[in-house]
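Novice: Here is my input, please return the structure:
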Amino acid sequence: MGYDHGHDHTHRANKKALWLSFIITTTYMIIEAIGGFLTNSLALLSDAGHMLSDSVSLGVGVVAFIMGEKVANYSKTYGYKRFEILAALFNGVTLVLIALYICYEAYHRFMDPPEVASVGMLTIGIIGLLVNILVAWILMRQGDTEDNLNLRAAFLHVLGDLLGSVGAIVAALLIMFFHWGWADPLASVIVAILVLISGWRVARDSIHVLMEGTPKNIDLEEIVQTIQSTDDIEDIHDLHVWSITSGQNALSCHAVVTKNLTIKECQDLLKRVENQLREKGIGHVTIQLESSEHSHENTILCAEQKDEHHNHSH
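Specialist: Numbering: from 1, shown residues only. Predicted structure coming up:
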């Protein structure tokens, strides 16, 4: 199964990328928190708080990957792969809450800008920027930040942090040269808005998967075309396409065949359809073949409100 092998490979790479990032981020967060206490810089302490959320999100991501590897059992027939999506949802919501809290803090700082140890803030801001660039690079290079929701959530956390470091550096310079105390809260508000947007997107995408929504990279019209244009298939109904977890799509439907086929012909037909669907990004395919006199429905999507008889006859 080339498909599964490819999936396992990206899964391993994703987990490794998260582990590395988790270790680097957590180490730097501890350094930054100590630096914040020593320089008495609230900016650094709040940035360390942001790093903490990062490190929690990366940690949750690692746990999600480990949980996702647990084998399927009778109570969880798909295994624990959905745990990744729950982790992404948790991260998305956390990002939104952090963004709102940063705005709340910034409001108080606009009213009463505190004294900031700008040199210490600048130094640690620059180190923070380098650390974040390193972590972002690891996640980009090793992991699949495009299709894996869990990894994308962690990556967005790091990106938010990277921008936070840039903001802290700029604010520190403005405070050093112009004594503009308000530069600090302004930088944090800009970052908060970016964090809010990315958090909202991750949460929205996770909810879409949990609601069994059609995967974003799947064109349903095209899938229907593909199946219906196969020789010997007259029509399909009760079609469902959903994601088990990031990068693993599943499909089930009933297909009406044009004539009575032998078992061998049925298997060949299913194999043909499966191969075509695999090329379109669907790895798990379940198709129930039926003859035209047994077909109950005319609708492509599931119509459950017909009658009880229909449900029992499957």
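Novice: So Trp137 versus His237, what's the distance?
Specialist: From Trp137 over to His237 the distance is 48 Å, taken as C-beta to C-beta, to the nearest Å. Every C-beta, even on glycine, is put in place using the N, C-alpha and C of the backbone.
Novice: neighbour-wise, which of the two wins?
Specialist: More crowded of Trp137 and His237, by other C-beta atoms under 10 Å: His237, with 18 against 13.
Novice: Contacts only, for Met176.
Specialist: If a contact means C-beta atoms under 8 Å, 6 or more residues apart in numbering, then Met176 has Ser118, Val119, Leu122 as its contacts.
Novice: Next, give phi and psi for His237.
Specialist: Backbone torsions of His237, given as degrees, to the nearest 10, read phi -150, psi 180.
Novice: Who is it paired with across the strands?
Specialist: Per DSSP bridges, the residues bridged to His237 are His254.
Novice: Distance of it relative to Leu270?
Specialist: With distances taken as C-beta to C-beta, His237 is found 17 Å from Leu270.
Novice: likewise Val285?
Specialist: According to C-beta to C-beta, Val285 and Leu270 sit 8 Å apart.
Novice: wait, doesn't Phe22 sit right on Val62?
Specialist: Yes. Phe22 lies in contact with Val62 (C-beta atoms under 8 Å); the separation is 5.7 Å.
Novice: for the helix or strand harbouring Leu97, packing partners?
Specialist: Applying DSSP states H and E as the criterion places Leu97 in helix 83-111. Packing partners of helix 83-111 (3 or more C-beta pairs under 8 Å, 6 or more residues apart in numbering; DSSP states H and E): helix 42-68, helix 149-178, helix 183-210, strand 233-245.
Novice: Mind listing what's buried along the next helix-or-strand element following it?
Specialist: Following helix 83-111 in sequence order, the next helix or strand is helix 118-142 (DSSP H and E). Within helix 118-142, the residues that count as buried by 16 or more other C-beta atoms under 10 Å are 118, 120-125, 128-129, 131-132, 134-136, 138-139, 142.
Novice: Could you do stretch 78-95 as well?
Specialist: Buried residues in stretch 78-95 (16+ other C-beta under 10 Å): 79-92, 94-95.
Novice: starting at the chain centroid, how far to it?
Specialist: Offset of stretch 78-95 from its chain centre (C-alpha atoms, centre = their mean, to the nearest Å): 8 Å.
Novice: Also stretch 91-107?
Specialist: On the basis of C-alpha atoms, centre = their mean, stretch 91-107 sits 19 Å off its chain's mean C-alpha point.
Novice: Show me the residue at the heart of the protein, geometrically.
Specialist: Most central in the chain under C-alpha atoms, centre = their mean is Leu149, positioned 1.4 Å from the mean C-alpha point.
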